[in-house]
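A.B. asks: Sequence and predicted structure, then a few things I'm wondering about:
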Amino acid sequence: MRLTLLLGATLLAAQINAKKPIDSVRQSIKSMNADYQAKVDLAVNRHPVSDGVYGMNFMYDEVPSDSLVLGLVGATRSGGGDPTTVYNWRIDADNAGFDWFFQERPRAAPVGGNSMDVFVNTSLSVNAIAFVDFSTIGWVAKSRDNCYSFPLTKWPNQQRSNGEMGNGNFPNGTKIATIYGPQRGCYIESVPQDGVDFTTHLVNTFGDKFVKYGVMQMDNEPEWWDLQHVDVHPDPANYDEVWAMTRDWASAIKAKHPNVKISGLVAAGWYGMWCSARDGQGWRCPSGAGPDYKSHNNTYHWPWLLQQLEAHKQSTGVCLIDYLDWHWYPALNNQNDDSNATVAQQMLEQPRALWDPTYADLSPFINPINGSSAPAVIRQVWQWVDQYHPSCKLELAMTEFMFGGAKASTSALALAEVLAVFARERLSVSTLFEDPTNDAPIQQAYRLFRNYDGYRSRVTGDSVQADVVTSKVQQPSYNLFSIYAQHDANTNTLYVKLFQKDAKQTFTVSVNINSVVNQANKGVGNVFSFSAQPGQTVSITHQPDVTVTWPSDASNTASFDISLAPRTATVVVVRGVSQASAVDVDIVMKSE
């Protein structure tokens with residue numbers, strides 16, 4: 001039928017061409033003189049958006065406040081972090097490692113899995129994906145008795161101490177465990193069956209809902225084990241160890257619980273993706289110089305591990321992991337002072353590190369590899385997955401991240417754009433490594449998409465193409481305006497996300513919406529926005545509606561104009577928007 005309509009469209013094409021002057025007239029003088037011309041197309045680059053990108057870390061055992069529940073419903077909660085590397089679920093205890101003098105710490109109560117049970121139960125109560133971190137390092141806390149690994153009675157001359165506890169370093173910074181070997185007196189050995197038993201405990205406790213929403217997360221940042229957990233693992237982890245750990249623990253769990261999802265690799269960031277701990281130099285990864293790289297066919301860390309995962313799938317038919325997991329901390333990730341104009345501009349520029357191959361991140365730890373200092377990290381990971389492990393349809397998870405500081409107004413604007421990037425770039429899960437209290441500016445970034453009107457209304461639907469077409473604004477070294485969009489075909493609602501990042505100017509923007517059907521329900525776009533000027537209170541307000549011009553012919557294009565105040569994040573909600581069928585779009589293309 002589609003071909004017939006195209007072949008018989010000559011008369012219709014003539015009619016459409018005759019109406020093209022009307023299309024031009026319909027665009028107002030204001031639109032033609034707008035600072036930015038932008039385009040949204042409902043039929044291009046359309047893909048589902050996961051609610052999992054609106055997740056939070058921390059909050060292991062407490063019930064989130066109502067304000068956070070609004071954002072977490074259907075999103076993600078992660079129970080990971082450094083101490084979980086040696087967490088013993090049977091006695092509900094962990095060890096703080098290097099963070100606090102290698103001291104054992106009891107959690108909620110001496111009942112198997114107690115604090116994690118509360119964490120999972122709270123997550124499932126709001127249908128949030130629950131990432132449950134479990135130990136694979138081979139050692140877990142042996143008791144709840146506050147044991148510590150480097151007592152001053154044994155090693156009196158240490159770099160730092162607290163009471164009878166030392167930090168495990170001699171005064172010159174040399175690690176005691178690298179000279180005298182592991183100090184495992186506060187630990188017991190752990191094997192893959194312990195991971196199976198922990199998973200079984202959660203499945204038996206929470207049933208099918210855990211199978212649906214639960215994810216077993218394989219440990220935490222193995223490239224830092226020789227620092228953070230040097231008492232049990234003084235040698236840097238290498239390619240073969242990380243692969244053997246992934247294979248053995250994931251295989252054991254999948255054999256018993258094939259439908260439970262597993263998150264794996266869990267790198268600390270750019271460094272851990274390219275390098276093993278053995279190859280790394282501090283926080284930096286040398287380009288192609290390490291012994292692991294050289295002894296594994298001159299292949300970088302994650303590409304080699306993904307090749308092993310693919311080979312395992314081909315030989316056994318089993319996909320060992322379901323999520324490819326990493327953490328991300330760009331420069332200025334804990335910056336709460338945005339009063340400096342240069343710093344504020346840099347914070348707003350940093351979301352480009354997630355996708356833009358022309359942007360070099362300011363962090364000294366994201367160093368040039370293969371001649372490039374531009375990470376474009378999400379697109380880089382997708383490229384690796386497509387190239388090295390295409391058969392298992394992995395999802396991507398960023399289970400720790402932060403952009404700016406929780407108290408900086410500018411961070412709220414940067415973080416809101418980060419969440420929009422996650423949706424466009426097909427990330428499935430992200431969990432902010434920060435606890436946004438009710439008055440924290442960054443909370444508004446989540447509310448803009450999860451509760452923009454105060455009545456729990458959310459941005460939903462598929463990501464669709466959105467681009468800046470032309471600009472009359474003289475751009476500095478970073479983009480001052482960005483646009484993203486989602487379209488919900490179930491409710492016929494379009495959400496246009498607009499980010500104005502200039503500190504002083506007000507911008508006018510004209511947005512064309514392509515591939516829409518002529519609507520009888522002509523109306524407006526509801527506008528919700530927050531301002532992120534340094535030092536000001538950040539809160540979402542309902543701004544004056546914008547008028548939407550609907551197609552009066554067969555052009556399949558609607559439009560609206562909007563003015564954006566300095567440093568604002570905005571969502572325009574346009575209802576009654578249906579996507580044109582492929583036939584409709586093809587006929588319009590035929591007319592041109």
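C.D. replies: That came in fine, so what should we check first? Quantities reported herein were computed from a predicted structural model and do not represent experimental measurements. Numbers count the residues shown, from 1 in each chain.
A.B. asks: gap between the host helix or strand of Val132 and the chain center?
C.D. replies: Applying DSSP states H and E as the criterion places Val132 in strand 129-134. Using Cα atoms, centre = their mean, to the nearest Å, the mean C-alpha position of strand 129-134 is found 15 Å from that of the whole chain.
A.B. asks: Report the mean per-residue pLDDT for it.
C.D. replies: Computed over strand 129-134, the mean pLDDT rounds to 95.
A.B. asks: List the neighbouring strands of it plus their orientation.
C.D. replies: Paired strands of strand 129-134, with direction, are strand 76-78 (parallel), strand 214-218 (parallel) (DSSP bridges).
A.B. asks: Can you tell me which of these has the worst average pLDDT?
C.D. replies: Minimum mean pLDDT among the strands paired with strand 129-134: strand 76-78, a mean of 89.
A.B. asks: how far away is Gln486 from Thr547?
C.D. replies: Distance, Gln486 to Thr547, using Cβ to Cβ, to the nearest Å: 21 Å. C-beta here means a position set from N, CA and C on the backbone, and glycine is covered the same way.
A.B. asks: again, but for Asn492
C.D. replies: Separation of Asn492 from Thr547 (Cβ to Cβ): 18 Å.
A.B. asks: The two: who's more crowded?
C.D. replies: Ranked by neighbour count (other Cβ atoms under 10 Å), Asn492 and Thr547 place Asn492 first, with 18 against 13.
A.B. asks: Next up, the contacts around the more buried one.
C.D. replies: Neighbour list for Asn492: Arg575, Gly576, Val577, Ser578 [criterion: Cβ atoms under 8 Å, 6 or more residues apart in numbering].
A.B. asks: what are the ranges of the helices in the stretch 401-550 of the chain?
C.D. replies: Taking DSSP state H, counting those that start in this stretch, the helices of the stretch 401-550 of the chain run over residues 409-424, 443-450.
A.B. asks: go on, the stretch 251-400 of the chain?
C.D. replies: Using DSSP H, counting those that start in this stretch, helices in the stretch 251-400 of the chain cover 270-274, 291-295, 301-316, 341-349, 377-388.
A.B. asks: JSON lines for the ones you listed, including distance to Gln158 and mean neighbour count?
C.D. replies: Below are the helices of the stretch 251-400 of the chain laid out as JSON lines (distance: least, Cβ to Cβ, whole Å; neighbours: other Cβ atoms under 10 Å):
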{"stretch": "helix 270-274", "distance to Gln158": "28", "mean neighbour count": "25"}
{"stretch": "helix 291-295", "distance to Gln158": "31", "mean neighbour count": "16"}
{"stretch": "helix 301-316", "distance to Gln158": "33", "mean neighbour count": "19"}
{"stretch": "helix 341-349", "distance to Gln158": "37", "mean neighbour count": "20"}
{"stretch": "helix 377-388", "distance to Gln158": "38", "mean neighbour count": "17"}
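A.B. asks: Now distance to Leu564 too, for those helices, in TSV please.
C.D. replies: Formatted as TSV, the helices of the stretch 251-400 of the chain follow (distance: least, Cβ to Cβ, whole Å):
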stretch	distance to Leu564
helix 270-274	33
helix 291-295	47
helix 301-316	39
helix 341-349	14
helix 377-388	26
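A.B. asks: Looking at those helices, spot the one closest to Thr431.
C.D. replies: In terms of Cβ to Cβ, the element of these nearest to Thr431 is helix 377-388, at 15.3 Å.
A.B. asks: ok, Asn157 to Arg424 distance?
C.D. replies: Taking Cβ to Cβ, one finds Asn157 at 54 Å from Arg424.
A.B. asks: what's Gly97 in contact with, if anything?
C.D. replies: Contact analysis of Gly97 by Cβ under 8 Å, 6+ apart lists Asp82, Pro83, Thr85, Val86, Gln228, His229, Asp231.
A.B. asks: Try it again at 10 Å.
C.D. replies: 82-83, 85-86, 103, 149, 168, 224-225, 227-232 (Cβ atoms under 10 Å, 6 or more residues apart in numbering).
A.B. asks: Asn127: neighbouring residues, count only.
C.D. replies: Around Asn127 there are 14 residues (other Cβ under 10 Å).
A.B. asks: where does the stretch 201-350 of the chain have low pLDDT?
C.D. replies: Low-confidence segments of the stretch 201-350 of the chain, defined by pLDDT under 70: 281-283.
A.B. asks: Just give the nearest non-adjacent residue to Asn333, would you?
C.D. replies: Distance criterion Cβ to Cβ, 6 or more residues apart in numbering; nearest residue to Asn333, sequence neighbours excluded, is Met402 at 4.6 Å.
A.B. asks: just checking, Thr136 touches Trp243?
C.D. replies: No: the criterion here is Cβ atoms under 10 Å, and Thr136 misses it with Trp243 at 11.9 Å.
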